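1. Prediction below, plus the sequence it came from.
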Amino acid sequence: MSNLTGFVKRLRNIMRNDAGINGDAQRIEQIVWILFLKVYDGKERDWEWEDEAYQSIIPQPCRWRNWAADDRSGTAMTGDTLLDFVNNTLFPTLKTLPVNADTPIRKAVVQTTFADANNYMKDGVLLRQVINVIDEPDLSDYQESHAFSKIYESILKELQSAGAAGEFYTPRPVTDFMAQMIRPRIGERMADLACGTGGFMTSWLKELKKQVKTTQDEQEYRASVCGVEKKQFPYMLCVTNLLLHDLDDPRVYHENSLLRDVLDYTEEDQVEVVLMNPPYGGNEKADVKNHFPADLASGETADLFMSVIMYRLKKGGRAAVILPDGFLFGTDNTKVNIKKKLLGEFNLHTVIRMPSSVFSPYTGITTNILFFDRTGPTKETWFYRLDMPEGYRHFNKSRPMRLEHFAPAAAWWDDRQELSVDGFDKAKRFTVRQLTKELKYNLDQCGYPHEEEEILDPMDLIHRYEEQRTALNAEIDQVLDRITAMLGGETQ
């Protein structure tokens, strides 16, 4: 454990001197591809011990033990020799490994992980220093391997402050809370269809591990998660993450979940549980929308993912999904149609409103957790506002959200009561008639009554203003509808 102290700081200090590294995101990406090969080599040693006939998919000269490990004899590659090997032998070889439909997952992940990876470092001596630091942990030692997993989590957490890369990381307290509330069961399969670094899968595994009692339980535990991620960098992070969590066959697919016709999904494609934080704020091209029925073909990414989730959830299945406020109050035809399907075919039983700074500093957009299941149409929905803990104005890097901050929501979950604070609803139950007929699918209930001054990134500020304008327009439309009805006219 001692040689792991200051692991990330040591790597950062070395890489700051390399002219090829431009910013935190590139630094982390550089660390991760090296980490992957170190972790994978450790796994291969286990597989070789279990199966004498095991053959690596990686050619011998490119295996970590044969080019990266430094026995301190002075023979390890460094400088221009190392740089030439990495750029002109290692990467071209790993990017073009022979993979087909019959290739075992544990082998195929090497090629898919390196398909779009890059070596940014330009100084071979500094690259050798980075490799030596990463090679120090003994992953065959249980305690040291466990400590190394914690370090990897700290690397993932740094993504939140690494510019646009923060979109791939959902704070661990949020994923842990959602996994706890969804209550995993042995034998179920959980999917994250935009899995980023794999946070939801590892939170699910941590919760499910408590139920593992037998060898059969262990097998079902290891096969219980699957993920889809379209971007190369988070895909690499996710695969490494799952390997570190002892999933030897990480079922993570380097694909785009939105590029398949939702009407083509069969029961085999469906899962018992979905846990995810879909990308939001982005718009999709027309060809993406062609994979959805016309009434659900939104231009917004989060809306499309909601439709995919509904089509991929098994009967009796459960889901917990993070969505921005814009989904709750949106009144355009497509959003209303998605919410009609959600309330009409699924049981939206709970909406947890979260403070705006949960994802700080990546974004200040206010988000919500929607809990629903496929057990029949919605009859009633509970809304609960998770307020900032006492003494906090905002979450930030020095005072981040912690799992204990969800304690009030967890306590309320099993003993639901309507609550109000200073005359504003904090927890309230709405019938489906109220939500559909009276509120016209406006799910923006039990929101935050007091706005506090908050400095946002310019694009976040624009997005916030757009959402507020949409909300105001929705309120105006509802008032006009009521006035028109009172005057005996027809409402829209």
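-> Good, I have the coordinates. Numbers count the residues shown, from 1 in each chain.
2. you'd agree Phe371 is in a strand?
-> Yes: according to DSSP: H, G, I helix; E, B strand; the rest coil, Phe371 belongs to a strand.
3. Show me what it bridges to in the sheet.
-> Per DSSP bridges, the residues bridged to Phe371 are Ala320, Thr350.
4. Distance from stretch 332-352 to the middle of the chain?
-> 22 Å (CA atoms, centre = their mean, to the nearest Å).
5. list the buried ones in it?
-> Using 16 or more other CB atoms under 10 Å as the test for burial, stretch 332-352 gives 334-339, 341-343, 346-352. To be clear about C-beta, it is placed using only N, CA and C from the backbone, and glycine gets the same treatment.
6. Then stretch 391-398?
-> For stretch 391-398, by 16+ other CB under 10 Å, it's His394, Phe395.
7. count of residues packed around Ile21?
-> Residues near Ile21, counting by other CB atoms under 10 Å, number 21.
8. typo on my end, Val39
-> Around Val39 there are 23 residues (other CB under 10 Å).
9. for the one 3 residues further on, same thing?
-> Using other CB under 10 Å, Gly42 is surrounded by 19 other residues.
10. same check, this time on Cys62
-> So Cys62, with other CB under 10 Å, has 21 neighbours.
11. ok, it - contacts?
-> Thr89, Leu90, Thr93, Leu94 (CB atoms under 8 Å, 6 or more residues apart in numbering).
12. Can you flag which of the residues you listed belong to helices?
-> Using DSSP state H, the subset of these located in helices is Thr93, Leu94.
13. Out of the contacts of Cys62, which end up buried?
-> Those of those that meet the buried threshold are Leu90, Leu94, by 16+ other CB under 10 Å.
14. Turn the contacts of Cys62 into a markdown table, columns for pLDDT and distance to Ile105.
-> Listed next are the contacts of Cys62 as a markdown table, based on pLDDT from 0 to 100; distance: CB to CB, whole Å:
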| residue | pLDDT | distance to Ile105 |
| --- | --- | --- |
| Thr89 | 98 | 25 |
| Leu90 | 98 | 22 |
| Thr93 | 98 | 20 |
| Leu94 | 97 | 16 |
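15. Just give me the closest of the contacts of Cys62 to Tyr441.
-> Closest approach between these and Tyr441, by CB to CB: Leu94, at 49.3 Å.
16. Who are the contact partners of the closest one?
-> By CB under 8 Å, 6+ apart, the residues touching Leu94 are Ile58, Cys62, Val110, Gln111, Thr113, Phe114.
17. Tell me how far it lies from Thr78.
-> 20 Å (CB to CB, to the nearest Å).
18. same question, Ala427
-> Using CB to CB, Ala427 is found at 61 Å from Thr78.
19. This structure - how does it break down into domains?
-> 2-140, 171-194+257-451 (automatic domain parsing).
20. Determine which of those approaches Leu480 most closely.
-> Leu480 lies closest to domain 171-194+257-451 among those, at 11.5 Å (CB to CB).
21. Present the domains of the chain as TSV; the columns should include distance to Ala147.
-> Formatted as TSV, these follow (distance: least, CB to CB, whole Å):
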stretch	distance to Ala147
domain 2-140	5
domain 171-194+257-451	17
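22. Can you tell me which of these is most buried?
-> Stretch with highest mean neighbour count among the domains of the chain: domain 171-194+257-451 (a mean of 18; mean count of other CB atoms under 10 Å).
23. quick one: that domain to chain centroid distance?
-> The gap between where domain 171-194+257-451 is centred and where its chain is centred comes out at 14 Å by CA atoms, centre = their mean.
24. And stretch 237-250, by the same measure?
-> That offset, for stretch 237-250, works out to 15 Å (CA atoms, centre = their mean).
25. now do stretch 122-129
-> Using CA atoms, centre = their mean, the offset of stretch 122-129 from its chain centre is 32 Å.
26. what sits up against it?
-> Contacts to stretch 122-129, defined as CB under 8 Å, 6+ apart, come from residues 14-15, 17-20, 70, 76-84, 86, 119, 121.
27. Strands of this structure, start to end?
-> Assigned by DSSP state E, the strands in the chain fall at 190-192, 225-228, 252-253, 271-276, 313-324, 347-353, 367-373, 380-385, 419-421, 424-431.
28. list the contacts for Asp138?
-> Residues near Asp138 by CB under 8 Å, 6+ apart: Glu144, Ser145.
29. Tyr392 now?
-> If you count contacts by CB under 8 Å, 6+ apart, Tyr392 has them with Arg399.
30. same question, the one 3 residues further on
-> The neighbourhood of Phe395, defined by CB under 8 Å, 6+ apart, consists of Pro355, Ser357, Val358, Ser360, Met388, Met401.
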